[in-house]
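**Q** got a predicted model here, sequence first, then my questions.
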Amino acid sequence: MNTTGLAASTAIRAAGDGCGYSKEEARQEAGRCIPCQCLECVKVCQYLEEYGSYPKRYVRQIYNNECIVMGVRKANRMVNSCALCGLCTAVCPENFSMADVCLDARQSMVRTGKMPPSAHDFALRDMAFSQSEAFTLARPQPGFQSSKTAFLPGCQLSASSPGHVAACYEHLRATMPGGVGLILECCGAPARWAGNEEKFQEALRALGAAWSSLGQPRLITACSSCFRTLKDHLPHIPVEPLWPHLSPALLSKALPEHASRTLAIHDPCSTRGVSMVEGSARALLGELGGMGCGKTCGALTGGCCLLGLYAGKDSSENNADDRLQGMLSRFVEWFETEYTARYGGIDCAEIVGDDMRNRMARCPGIVMESLKKLGEILAENNYEFSNPTRSA
């Protein structure tokens, strides 16, 4: 179990000779007991929390559901509700994966004909369309016989926002030499999530054939699920995410002139920890002039935004508070001093390191301590922290 935050305590020794603990000594020794049940994954996973138990019991229920229970299969919904995101493994001290347990159960249910058709019907029918002649395509850039690079936008982006696909493809063609081909295929991820290994392998073969038909170029994919699928199941295909190849000018075209936009970055589970994806997205935001664009802890950049909310320019008729820069400087100086002393720096890599459990152990405390400091700074400058209306 994760013992972070548990203070060491000295064992209570019985005062009497051979008589054992007194009633008070026994109470003190019992008070040293810690909850030995590890719930690190349950704390961070809505799915695991929803079913009101913990992995050891879930595994038993899934086994009974698959191998013992005949007829009514009460754990079907639980087996099919896991998003297979892998967060449980990332925070588990023993690297245990509920995602693997659920995926294995789905694959077994499909093989034995026990998977209810309705469980993944919509996703599989959507995937079937993305494998049909109405969608699939593999062609080199016009004027080229082969392609040094090929763009794989993925089936979901192509369906939901074809304009963005066209804009990205045009940008890649204009900035990359040697020809940029276009591949419209489904990587097969929906079949894998559904436990249908046969359909998944069919999709992989189709994607591999499309890649070979263009001369085996490097692939640039806009979809994190496609990126992860290719990395894990077609490792011989060179693949890169789209983010490093985008430009601020391209993204600026999508934003109306003079519009004030708040952008939030959501890191996909499928590329958790892939610095090429996470880092390039933040770097791109930085080039667009956003905050939180580098590796700096979000509690710091978010705190600066909070000060700006209270003391910044709130309309074209008002000016920013003259004290805002001093408020920002004080918060930044406090943050750098406090957390550099504790963790050696203020970047996520320095605070969290390679241990995902540090996110739960350290990040909530940093946020709460930062909020307390922000409240002090705002109060000293006559701002009521609970109300973003300027009072001075």
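**A** Thanks, I have the structure now.
**Q** tell me the mean pLDDT over the helix of greatest length in the chain?
**A** Looking across the chain with DSSP state H, the single longest helix is helix 357-380. Across helix 357-380, pLDDT averages out at 87.
**Q** which residues sit against that helix?
**A** With contact meaning Cβ atoms under 8 Å, 6 or more residues apart in numbering, helix 357-380 is reached by 2, 4-5, 40, 43-44, 91, 93, 297, 299-300, 302-303, 306-307, 310, 327, 330-331, 334-335, 338-339, 343, 351-352, 384-385. Bear in mind the C-beta positions are built from the backbone N, C-alpha and C, glycine included.
**Q** in helices, which of the residues you listed fall?
**A** Judged by DSSP H, the contacts of helix 357-380 include 40, 43-44, 91, 299-300, 302-303, 306-307, 310, 327, 330-331, 334-335, 338-339, 343, 351-352 as members of helices.
**Q** just the buried subset of those, please.
**A** Buried members of those, scored by 16 or more other Cβ atoms under 10 Å, are 40, 44, 91, 299-300, 303, 306-307, 310, 327, 330-331, 334-335, 339, 343, 351-352.
**Q** from Thr340, how far out is Gly303?
**A** Distance of Gly303 to Thr340, given as Cβ to Cβ, to the nearest Å: 16 Å.
**Q** again but with Leu242, I slipped
**A** 35 Å.
**Q** the more surrounded of those two?
**A** Leu242 (23 against 13; other Cβ atoms under 10 Å).
**Q** averaging pLDDT per element, find the lowest-scoring helix or strand in this structure.
**A** helix 248-252 (a mean of 65; mean pLDDT, DSSP states H and E).
**Q** let me know the secondary structure of Ile220.
**A** Here Ile220 is strand, with the state taken from DSSP: H, G, I helix; E, B strand; the rest coil.
**Q** state the pLDDT value of it.
**A** 96.
**Q** following the least confident helix or strand of the chain, which helix or strand comes up?
**A** Sequence-wise, the next helix or strand downstream of helix 248-252 (DSSP states H and E) is helix 275-287.
**Q** keeping just the C-alphas, turn that next one into CSV.
**A** Extracted in CSV, the C-alpha atoms of helix 275-287 (Å, rounded to 0.1, in the frame of the first residue of the first chain):
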residue,chain,number,x,y,z
SER,A,275,6.2,13.7,-23.9
MET,A,276,6.1,14.2,-27.6
VAL,A,277,2.3,14.5,-27.3
GLU,A,278,1.9,16.3,-24.0
GLY,A,279,4.9,18.6,-24.4
SER,A,280,4.3,19.7,-28.0
ALA,A,281,0.6,20.6,-27.3
ARG,A,282,1.7,22.8,-24.4
ALA,A,283,4.6,24.4,-26.4
LEU,A,284,2.1,25.2,-29.2
LEU,A,285,-0.2,26.9,-26.7
GLY,A,286,2.8,28.9,-25.5
GLU,A,287,3.5,30.1,-29.0
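**Q** in it, what counts as buried?
**A** 277-278, 280-282, 284-285.
**Q** what does stretch 19-38 give?
**A** Counting neighbours by 16+ other Cβ under 10 Å, stretch 19-38 gives 21, 38 as buried.
**Q** what about that stretch, start to end distance?
**A** Across stretch 19-38, the terminal residues are separated by 35 Å (Cα to Cα, to the nearest Å).
**Q** quick one: contacts for the residue lying closest to Asn196 once chain neighbours are set aside?
**A** Distances taken as Cβ to Cβ, 6 or more residues apart in numbering put Val110 closest to Asn196, at 5.2 Å, once the chain neighbours are dropped. Residues near Val110 by Cβ under 8 Å, 6+ apart: 194-197.
**Q** could you list which of those belong to helices?
**A** Checking the contacts of Val110 against DSSP H, those in helices are Glu197.
**Q** now the buried members of the contacts of Val110.
**A** Buried subset of these (neighbour count, 16+ other Cβ under 10 Å): 194-197.
**Q** what bits of the stretch 151-300 of the chain have low per-residue confidence?
**A** Across the stretch 151-300 of the chain, the ranges flagged by pLDDT under 70 are 248-264, 285-296.
**Q** surely Ala203 touches Ala191?
**A** Yes: contact criterion Cβ atoms under 8 Å: Ala203 and Ala191 qualify, at 6.0 Å.
**Q** which residues do these two both contact?
**A** When Cβ under 8 Å, 6+ apart defines a contact, the residues bordering Ala203 and Ala191 alike are Met127.
**Q** domains in this structure, by residue range?
**A** What the record gives for the chain is the domain set 40-119, 124-252, 295-380, from automatic domain parsing.
**Q** mind checking which helix or strand the residue nearest to Asn196 is in?
**A** Applying DSSP H and E, one finds Val110 within helix 98-111.
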